[in-house]
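Enquirer: Any chance you could fold what I've pasted below:
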Amino acid sequence: KTLCSAMRYAVLGGGKRIRGVLALEFCRLFCGTSEPAVPHAVAVELMHAASLVHDDMPEMDNDAMRRGKLSCHKQFGVHTALLTGDSLICLSLGVLAEPGVSGALRALSLLADAGGVGGIGSGQMMDIASETEPIDYNGLLRLQRLKTGRLMRCAALLGAAAAGADEAQTALAAEYAERVGLAFQIEDDLLDRNGGSDTRRGLATFLTFLTPEAARAEARRLTDETIALLSGIPGSEFLC
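Expert: Numbers count the residues shown, from 1 in each chain. Okay, here's the model as predicted:
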């Protein structure tokens, strides 16, 4: 009962659901309906919630608050938080393994990779290592593409997989999401520059290398590129 309460607490605690929306919208863009991507959207949001639970723990960022309320480990304790994150990861993959899920094998492969060594896992390791081994700008780009961007990319590709998208459509979804992921992280660094956990820990952010004005300009450039990628495609208005 406690574990299930903690899982609900972590998943239903606010947030913008950007990753789930990307899955739904790219599915709709490529096949005319978002319905096949509902499990994919749920799965990617569960994986994201799991990563936040683990990221907030004392051994990582040691954040006491998440989305305006106590982080999971503060509310339920570190042992329950660890099991909550683990259980959410398993649940996210289980959702995609249910009978009738469109493009299930492809989706499982994408999400497992993005949540592990191909994405969040490696990004977090780089983040931890940067506490003692400072990184340059290219290193920061790689870290953020893994830690934040890879799950964004995965979300868009999950939508493409649900829609049965072709190779060109899949590549387009990936390019879009990679730029959105970086722009999102830059904006996040701008919002957190006066008290975010990375700032408190002395870790590199985009503002380590860019002035706030230059960071905003870079986010704008990336955003404009994402819009240009889908410009003129019928039904892409929401994503633009």
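Enquirer: how many neighbours does Ala49 have?
Expert: 25 (other C-beta atoms under 10 Å). For the C-beta atoms, the positions are set from N, CA and C on the backbone; glycine is no exception.
Enquirer: how close does it sit to His40?
Expert: Relative to His40, Ala49 is positioned 15 Å away (C-beta to C-beta, to the nearest Å).
Enquirer: Would you mind listing the buried residues in stretch 155-168?
Expert: Residues of stretch 155-168 classed as buried by neighbour count (16 or more other C-beta atoms under 10 Å): Ala155, Ala156, Leu157, Leu158, Gly159, Ala160, Ala161, Ala162, Ala163, Ala165.
Enquirer: Tell me which of these fall in helices.
Expert: Ala155, Ala156, Leu157, Leu158, Gly159, Ala160, Ala161, Ala162, Ala163 (DSSP state H).
Enquirer: With pLDDT and distance to Gly139 as added columns, please give those in a markdown table.
Expert: Shown next, in a markdown table, are these (pLDDT from 0 to 100; distance: C-beta to C-beta, whole Å):
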| residue | pLDDT | distance to Gly139 |
| --- | --- | --- |
| Ala155 | 98 | 24 |
| Ala156 | 98 | 25 |
| Leu157 | 98 | 25 |
| Leu158 | 98 | 28 |
| Gly159 | 98 | 30 |
| Ala160 | 98 | 29 |
| Ala161 | 97 | 31 |
| Ala162 | 98 | 34 |
| Ala163 | 98 | 35 |
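Enquirer: want to throw those residues into JSON lines with distance to Glu133?
Expert: Below are those laid out as JSON lines (distance: C-beta to C-beta, whole Å):
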{"residue": "Ala155", "distance to Glu133": "30"}
{"residue": "Ala156", "distance to Glu133": "32"}
{"residue": "Leu157", "distance to Glu133": "31"}
{"residue": "Leu158", "distance to Glu133": "33"}
{"residue": "Gly159", "distance to Glu133": "37"}
{"residue": "Ala160", "distance to Glu133": "36"}
{"residue": "Ala161", "distance to Glu133": "37"}
{"residue": "Ala162", "distance to Glu133": "40"}
{"residue": "Ala163", "distance to Glu133": "42"}
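Enquirer: neighbouring contacts of stretch 1-8?
Expert: Outside stretch 1-8, the residues that touch it by C-beta atoms under 8 Å, 6 or more residues apart in numbering are Cys72, Gln75, Phe76, Thr80, Ala81, Leu83, Thr84, Ser87, Leu88, Leu91.
Enquirer: Packing partners of the host helix or strand of Thr223?
Expert: Element membership of Thr223 [criterion: DSSP states H and E] is helix 212-230. Secondary-structure packing of helix 212-230 (3 or more C-beta pairs under 8 Å, 6 or more residues apart in numbering; DSSP states H and E): helix 167-191, helix 206-209.
Enquirer: could you give the angle of the longest one to helix 212-230?
Expert: Using axes from the mean of the first three to the mean of the last three C-alpha atoms, to 10 degrees, the interaxial angle of helix 167-191 with respect to helix 212-230 works out to 160 degrees.
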